[in-house]
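Colleague: all I have is the shape, not the residue letters:
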């Protein structure tokens, strides 16, 4: 049910953007979701489809771009794929996650009146 609350929060954020820009509606929503974000994309998409009816997103498709985990050494900058202990194979320093834990509203296409 975590994904239901994420979908509700997403719609709330989108609604605020629509009101701030005086848009009529939303055409498309694009998210970037990291593999390490703890989000089940299929469930998030399901809940978005269920709760968007009757909202500004009723006709807006949800596109999700998956972002793979990327780990790097803060000391030497070497990038690694985690296959064992999260330590640099070059210098032994603990690795840092540099991508793959995000949940970002990346793009929002709005319907606006001609100016």
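Modeller: That came through, no problem. These figures come from a predicted structure and were not determined experimentally.
Colleague: when you work out contacts or count neighbours from here on, use the C-alpha atoms and nothing else.
Modeller: Noted.
Colleague: so where's this structure uncertain?
Modeller: Low-confidence segments of the chain (pLDDT under 70): 1, 115.
Colleague: how does it look with 90?
Modeller: For the chain, the stretches with pLDDT under 90 are 1, 80-85, 89-90, 112-115.
Colleague: ok, longest helix in it?
Modeller: When every helix of the chain is counted residue by residue (DSSP state H), the longest turns out to be helix 2-20.
Colleague: orientation of the helix or strand following that one relative to helix 2-20 in degrees?
Modeller: On the C-terminal side of helix 2-20, the closest following helix or strand by DSSP states H and E is strand 25-34. Interaxial angle, strand 25-34 versus helix 2-20 (axes from the mean of the first three to the mean of the last three CA atoms, to 10 degrees): 140 degrees.
Colleague: contact partners of strand 25-34?
Modeller: The contact list for strand 25-34, computed with CA atoms under 8 Å, 6 or more residues apart in numbering, reads 18, 39, 41, 56-69, 99-112.
Colleague: same thing but at 7 Å, please
Modeller: 18, 56-57, 59-69, 100-111 (CA atoms under 7 Å, 6 or more residues apart in numbering).
Colleague: which strands border it, and is each parallel or antiparallel?
Modeller: Strand 25-34 sits in its sheet next to strand 61-67 (parallel), strand 103-111 (antiparallel), going by DSSP bridges.
Colleague: reformat these as a markdown table; add distance to residue 9 and mean neighbour count.
Modeller: Listed next are the strands paired with strand 25-34 as a markdown table, based on distance: least, CA to CA, whole Å; neighbours: other CA atoms under 10 Å:
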| stretch | distance to residue 9 | mean neighbour count |
| --- | --- | --- |
| strand 61-67 | 14 | 16 |
| strand 103-111 | 11 | 16 |
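Colleague: any chance of the ones you listed in TSV, with distance to residue 79 too?
Modeller: TSV is the format used below for the strands paired with strand 25-34 (distance: least, CA to CA, whole Å):
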stretch	distance to residue 79
strand 61-67	15
strand 103-111	22
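Colleague: so for residue 14, which of these sits nearest?
Modeller: strand 103-111 (7.9 Å; CA to CA).
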